[in-house]
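A.B. asks: Structure for the following, please:
(one chain, ligands or ions: 2)
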Amino acid sequence: MDGRIELIDVTKEYKHAGSPPVSALNCVNLSIRQGEFVGMVGLNASGKTTLARMLNGLILPSRGKVLVNGLDTADLAQKKEIRRLVGMVFQNPDNQIINPIVEEEVAFAAENLNLSPAEVRRRVDWALEVSGLADLRHHAPQMLSGGQKQRLAVAAVLVMQPSYLVLDEPTSMLDEDGRYELIKTLQDLNWHQRLSIIMISHRMEEVAPAERIIVLHQGTVYLDGPPAEVFRSPRFALAGLKPPPIARLTNNLLRQGHQIDDRIVTLEQMVEFLCR
Ligand SMILES: Nc1ncnc2c1ncn2[C@@H]1O[C@H](COP(=O)(O)OP(=O)(O)O)[C@@H](O)[C@H]1O
Ligand SMILES: [Mg+2]
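C.D. replies: Ligands and ions are numbered 1, 2, ... in the order given. Reported below is the predicted structural model:
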């Protein structure tokens, strides 16, 4: 089957000599369609990073299977294509950038793909444009803000024309402006390029605009659904999490009998509703 990432009965145990195995994921079944915007949340050690790194084969399951558009991440012959299909952006932008000039950093990722120089140029121009970095292409990455660096990390993945972009707490080292611009860029990419976004965050207001939220708890998928339903579920609090302020406001207004759209979970949605 193509057009989705599937986890089938995935279990991951970390084993180190001399200590008992640590179970990070427990029989996880999950299907993420191409084009979806998924937020992933959960307390520390709930298994988020393990799951994220499994999506492109950086970590292989101890038991079970991960299929990317039908390709098994355990199949070494598919490794290169799976890494191209599923781009990764990590927490610390400084650890991801290795070239001295912004556009070289973006071109670098394309150069392993045996593309013509004209095609590399075309993809670099496009990736810089959609990441909002076109004006900074000749700058040194060290001169960029944290948010710009993370968008550079996104651009460097985009030149490979992935189908899925997985981001593991990409905003945790950014200031408020940087966070806002990164999330906005991801939303645009999802909307205009139909790029799947799978974003881990511990800030609920960042995952609230997603179309689907997955809650991990003790290595299992504890909740999975539209943001408003997930935030309202009693299990959300049982997983140790607290809904974002706008979702709490909506619930309070509903409880007081006000006529309000019960799907409102973001500030933008609330403003639009109030101005209608
Ligand atoms: N390389 C590793 N070796 C041993 N245990 C690990 C390793 N990576 C993660 N773990 C353990 O697996 C569990 C899940 O960790 P992780 O996937 O990093 O969760 P999260 O990203 O939600 O904090 C934790 O108990 C963690 O200590
Ligand atoms: Mg983590």
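A.B. asks: From here on, just use CA atoms for contacts and neighbour counts.
C.D. replies: Fine.
A.B. asks: gap between the residue in the stretch 101-250 of the chain that ligand 1 sits nearest to and Phe37?
C.D. replies: For the stretch 101-250 of the chain, the nearest residue to ligand 1 under the criterion Cα to the nearest ligand atom is Gly219, separated by 7.0 Å. Relative to Phe37, Gly219 is positioned 21 Å away (Cα to Cα, to the nearest Å).
A.B. asks: More neighbours: which of these two?
C.D. replies: For Gly219 versus Phe37, the count of surrounding residues by other Cα atoms under 10 Å is larger for Phe37: 26 against 22.
A.B. asks: what's the helix or strand for the residue lying closest to the more buried one once chain neighbours are set aside?
C.D. replies: Residue nearest to Phe37 in three dimensions, not counting chain neighbours: Ile197, with 4.7 Å by Cα to Cα, 6 or more residues apart in numbering. In the assignment (DSSP states H and E), Ile197 maps to strand 196-200.
A.B. asks: So for that strand, mean pLDDT?
C.D. replies: The average pLDDT within strand 196-200 is 98.
A.B. asks: Ok, stretch 94-106 next?
C.D. replies: The model assigns stretch 94-106 a mean pLDDT of 93.
A.B. asks: Near ligand 1, which residues of the stretch 1-150 of the chain are found?
C.D. replies: 14, 22, 24, 44-50 (Cα under 6 Å from any ligand atom).
A.B. asks: These: which two are farthest apart?
C.D. replies: Maximum pairwise distance among those (Cα to Cα): 16.2 Å, between Tyr14 and Asn44.
A.B. asks: The stretch 1-150 of the chain: strands as residue ranges?
C.D. replies: 4-16, 19-33, 37-41, 63-68, 71-72, 86-89 (DSSP state E, counting those that start in this stretch).
A.B. asks: Could you list the residues in contact with the fifth one?
C.D. replies: I take that to be strand 71-72. Strand 71-72 is contacted by residues 65-66, 78, 82 when judged by Cα atoms under 8 Å, 6 or more residues apart in numbering.
A.B. asks: Dump the residues you listed to TSV, plus neighbour count and pLDDT.
C.D. replies: As requested, the contacts of strand 71-72 are arranged in TSV below (neighbours: other Cα atoms under 10 Å; pLDDT from 0 to 100):
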residue	neighbour count	pLDDT
Lys65	21	98
Val66	26	98
Gln78	14	97
Ile82	23	97
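A.B. asks: In this protein, which residue is most central in space?
C.D. replies: In the chain, the residue lying closest to the centroid (Cα atoms, centre = their mean) is Met199, at 2.2 Å.
A.B. asks: hang on, that residue packs against Ser172?
C.D. replies: No: Met199 lies out of contact with Ser172 (Cα atoms under 8 Å); the separation is 11.9 Å.
A.B. asks: before we move on, the earlier item: dump the residue contacts of the residue nearest to the centre of the chain.
C.D. replies: 37-40, 166-170, 207.
A.B. asks: Return the closest of those with respect to Ala239.
C.D. replies: The closest of the contacts of Met199 to Ala239 turns out to be Met40 (Cα to Cα; 12.8 Å).
A.B. asks: Can you list the residue ranges for helices in the stretch 51-200 of the chain?
C.D. replies: Along the stretch 51-200 of the chain, counting by DSSP state H, counting those that start in this stretch, helices occupy 79-85, 102-110, 117-130, 146-158, 176-193.
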